[in-house]
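**Q** What follows is a predicted protein model with its sequence.
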Amino acid sequence: IYEKMTSEISILNLKKEIEKKVKKNMEKAQRDYYLREELKVIHEELGDTDEIQQEMDKYMDMLEKKNVPENIYDVVEKEIQRLFHKIILKYLSLSPTHIRNTMDNIFYSIRNGKNPKYSYYLKSYFLRLLPLKAICRKRLNKILAQANTRSDKNYINDRVNYYNRLIEPVKLPEGSPCLNELKLQKKGKVYYFDSFEYLRYFPENLQWNYCFGDINFMPDTPSIVKSRPIHNQSANAILLNLNKVRHFIFVKDKIPFEKKMDKVIFRGKVNEGKTKRIAFFNKYFGNPLCDLGDTSRNGNPAWRTGKKTIAEHLRYKFILALEGNDVASNLKWVMSSNSVAVMPRPEFETWFMEGRLIPNYHYIEIKPDFSDLEERIAYYTAHSDEAIEISRHANEYVSQFFDKKREKLISLLVLQKYFRKTGQLEQ
C-alpha cells in the first residue's frame, strides 16, 4: 500500500509540475499572441505592415541561406522580435495625448522621405550578431587589392588621401583603446554600428582614437570622426561615413525646377548653439520670400512650426542648407533633387566632402550675414536656366557616392592608412 501511495503521489507531483509548465507556456504564448496582434493593429493603422514584414523576412531569409547555426538564428530572431515588442510596450504606456503625438511622429517618420531607421537597425544588429569577423579579416587583403586593378584607382586614392591627411608616421598616445573595446551603448548606436561595419575587417588588438558626434573642432590626436572644420588643415581628423542613416539621404525628384514655387524653404532646429540659424531667422522670419519654421521644442515660440516631409520641401525651387552644430544635414538630398541648395560657404565637412563644393556651380552662395539673400533669389528666379544648370552640377556631384562597393573599398582603405601611419600595420 505504501509503495502504491508513494507512486500515486509522485504521479500527482509530476502532473502538477507539467500543468504548471503548460500554464506558464500558455501564458507566454498568449502574451506573445496579444503583443503580435497589437503590433499588427498598429502596423495596419500606419499602413506599413507589408514593408516592415518584408524587412524582417528578408533578414531571416539571409540567415537561412547562410546556414547559420540554430542557436545564432534564434538569437537574431528574438532580437528582431524584441525590437518590435519594445515599440508596442512603449506605445501602450503612453497617455492619450502622448499617443496622439507619438502617432503623429510615427506618421511623419513613415512619410518624411528619410532613410527608415528600423531597416538600418535590423541590418546593423544582423551584422553584429553574425560571427563573421574571422571571415572578414581573411577577405580584407583581397578586397583592398581591387583598388590597384580598377580603372578609377586614381580617383579612389584621391578620396582616401582627402579623408585621411596623415603623411608622416605618428604614434598614438599610450592607453589608446583597442578595437575590441568598442562597445554598444544606449546612446550613439549609429556611430557604433557604422564603425563596426568596417572595423570588423581589422585585427581587434589594433588601437585607435575616435570622436563621435557633431565634431566642430580638431582633435589633439589622430582620430576617426564624422565631421571636421574645413579650413583647419591638421591631419588629426580622419573622416569616416558615420551616422549615414541620417546624413546620407538621396531622392528621386519628379518635379521640374520650373514647376516649383519661387520661394526659399527651411525646416529644422533653431535653438541654443545654432547661431547661424538664429541669425537667419532674426533677419528673415516673416519675409514673404521665405517659408521658415523651427521644429525644436525649446526655441523661439514665435518661430515654432510643424515638420515638413522631404516631398513637401521639393515643391520649392530654393532650399536653405544652414549649418547647425556642424554640417547642414539636408544638403545631400537637396543636391540630389531638382531644387537648388542656398547657403553660405560651408565651414565643416563630412564624408560628402563639402570642402570641395564650388559656389554658384553646385549651390547658390549667399554672404555669411545673409544680407544678399533676396538679391540672389531674385536673380536665379529670373535666370532659371542658370539655376537648372547648378542643380544638374549638384546631381553629378552626388552621383559619385552611389557605388556602394566603391564606398566600402574607400572606407577600408582610409582605415588601413590610419593603422599604417600609426605604425600598427606594415606599409
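**A** Good, I have the coordinates. Everything quoted here is computed from the prediction, not taken from an experiment. Residues are numbered from 1 along each chain as shown.
**Q** Surely residue 207 is in contact with residue 180?
**A** No - at 10.4 Å, residue 207 and residue 180 do not qualify as touching, with contact defined as CB atoms under 8 Å. Glycine gets a C-beta too; all of them are placed from N, C-alpha and C.
**Q** Looking at those two, which is more packed in?
**A** The residue with more neighbours, out of residue 207 and residue 180, is residue 207; 17 against 12, by other CB atoms under 10 Å.
**Q** secondary structure element for residue 263?
**A** Using DSSP states H and E, residue 263 sits in strand 261-268.
**Q** any low-confidence regions in the stretch 101-250 of the chain?
**A** Where the stretch 101-250 of the chain drops to pLDDT under 70, the residues are 101-116, 118, 129-131.
**Q** what about 80?
**A** Along the stretch 101-250 of the chain, the parts satisfying pLDDT under 80 run over 101-134.
**Q** residue ranges for the strands of it, please.
**A** 210-211, 223-225, 228-229, 237-239 (DSSP state E, counting those that start in this stretch).
**Q** for the last one, packing partners?
**A** With contacts defined as 3 or more CB pairs under 8 Å, 6 or more residues apart in numbering; DSSP states H and E, strand 237-239 has these neighbours: strand 223-225, strand 228-229, helix 404-421.
**Q** Using TSV, lay out the strands of the stretch 101-250 of the chain together with mean neighbour count.
**A** Converted to TSV, the strands of the stretch 101-250 of the chain look like this (neighbours: other CB atoms under 10 Å):
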stretch	mean neighbour count
strand 210-211	20
strand 223-225	23
strand 228-229	22
strand 237-239	23
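**Q** Make a markdown table from those strands and add distance to residue 169 to it.
**A** A markdown table is the format used below for those (distance: least, CB to CB, whole Å):
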| stretch | distance to residue 169 |
| --- | --- |
| strand 210-211 | 20 |
| strand 223-225 | 16 |
| strand 228-229 | 21 |
| strand 237-239 | 15 |
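**Q** wouldn't residue 163 be in contact with residue 414 here?
**A** Yes - taking CB under 8 Å as the definition, residue 163 is a contact partner of residue 414 at 5.0 Å.
**Q** the more surrounded of these two?
**A** The neighbour count for residue 163 versus residue 414, taken as other CB under 10 Å, is higher for residue 163 (25 against 22).
**Q** Contacts only, for the closest residue to that one other than its chain neighbours.
**A** Counting by CB to CB, 6 or more residues apart in numbering, residue 239 is the residue found nearest to residue 163 once chain neighbours are left out, at 4.2 Å. Applying CB atoms under 8 Å, 6 or more residues apart in numbering to residue 239 gives the contacts 163, 164, 225, 226, 227, 228, 349, 350, 351, 414.
**Q** what do you get if the cut-off is 10 Å, keeping everything else the same?
**A** For residue 239, the residues meeting the contact criterion (CB atoms under 10 Å, 6 or more residues apart in numbering) are 159, 162-165, 215, 224-228, 349-353, 411, 414.
**Q** rewinding a little: ok, and which of the helices and strands packed on strand 237-239 has the densest surroundings?
**A** Highest mean neighbour count of the helices and strands packed on strand 237-239: strand 223-225, a mean of 23 (counted as mean count of other CB atoms under 10 Å).
**Q** Strand partners (parallel or antiparallel) of it?
**A** According to DSSP bridges, strand 223-225 forms sheet pairs with strand 210-211 (parallel), strand 237-239 (parallel).
**Q** Export those strands to CSV and append columns for distance to residue 311.
**A** Listed next are the strands paired with strand 223-225 as CSV, based on distance: least, CB to CB, whole Å:
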stretch, distance to residue 311
strand 210-211, 34
strand 237-239, 30
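**Q** Relative to residue 143, which of those is closest?
**A** strand 237-239 (19.3 Å; CB to CB).
**Q** chain center to the closest one, what's the gap?
**A** Centroid separation for strand 237-239 versus its chain: 18 Å, with CA atoms, centre = their mean, to the nearest Å.
**Q** Stretch 365-380 now?
**A** 31 Å.
**Q** Between the two ends of it, what distance do you get?
**A** 11 Å (CA to CA, to the nearest Å).
**Q** about what we covered before: among the strands paired with strand 223-225, which is nearest residue 192?
**A** It's strand 210-211; of the strands paired with strand 223-225, that one is closest to residue 192 (CB to CB) at 10.2 Å.
**Q** what's in contact with that closest one?
**A** Under CB under 10 Å, 6+ apart, the answer for strand 210-211 is 176-177, 182, 191, 195, 199, 217-221, 223-228, 236-238, 240, 242.
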